[in-house]
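In: Show me how the following folds:
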Amino acid sequence: MGITVIFIRMKAAKKPTSANKIMLPPLFMSTGALMFVIPEFRVTSMELLEAVAVGMLFSILLIKTSNFEVRDEDIYLKRSKAFPIILISLLIVRIIGKVMLSSTIDVGQLSGMFFILAFAMIVPWRIAMYRQYRSLRATLNQERLD
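Out: As a prediction, the model looks like this:
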């Protein structure tokens, strides 16, 4: 699945981006929070804090490697050579973490923690991307007016 995401991301860099393409993935992912309706997926407050902290830490790497460029009056996601390496590294760290923690934390709770980690990783990343996109879009619009 992680490798699929890398290929999708590389392919997406060939097409202009939009605010919807940036902000819709976290919105769609948020439906996964319905898992917490089932008691076995609920986490303690400490597990919640740990998952959010790790997710936000991971998001910093994604934010640093996600940049936009203007081509032909459109905004494109700039390819970063480090991005696939970072995604694979994050995937490996998450898999190792799951294997290590699965012996001490219930599978349902662990699933909940990793959902929270992923969500805490994608939301700041996408917000940073949206802010950068909005700034570039405003610059483009201003240049068209001049």
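
In: Could you list every helix and strand in contact with the helix of greatest length in the chain?
Out: If each helix of the chain is counted by residues according to DSSP state H, the longest one is helix 107-145. Packing contacts for helix 107-145, counted by 3 or more CB pairs under 8 Å, 6 or more residues apart in numbering; DSSP states H and E, involve helix 19-29, helix 45-64, strand 67-71, strand 74-78, helix 82-101. Backbone N, C-alpha and C define where each C-beta goes, glycine included.

In: which parts of it are buried?
Out: For helix 107-145, burial by neighbour count (16 or more other CB atoms under 10 Å) applies to 109-126, 128-129, 132-133, 136-137.

In: outside of stretch 16-28, which residues touch it?
Out: Identification of contacts with stretch 16-28 by CB atoms under 8 Å, 6 or more residues apart in numbering yields 12, 68, 74-77, 119, 122-123, 126, 129-130, 133-134, 137.

In: Only C-alpha atoms, please: export that stretch in CSV.
Out: This file holds the C-alpha atoms of stretch 16-28, laid out as CSV (Å, rounded to 0.1, in the frame of the first residue of the first chain):
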residue,chain,number,x,y,z
PRO,A,16,-1.7,20.8,-12.0
THR,A,17,-2.9,20.7,-8.4
SER,A,18,-5.9,22.4,-6.9
ALA,A,19,-7.2,23.3,-3.4
ASN,A,20,-9.6,20.3,-3.6
LYS,A,21,-6.8,17.9,-4.5
ILE,A,22,-4.9,19.1,-1.4
MET,A,23,-7.7,19.3,1.2
LEU,A,24,-10.0,16.4,0.2
PRO,A,25,-7.8,13.5,1.3
PRO,A,26,-7.8,14.4,5.0
LEU,A,27,-11.6,15.0,4.7
PHE,A,28,-12.1,11.5,3.2
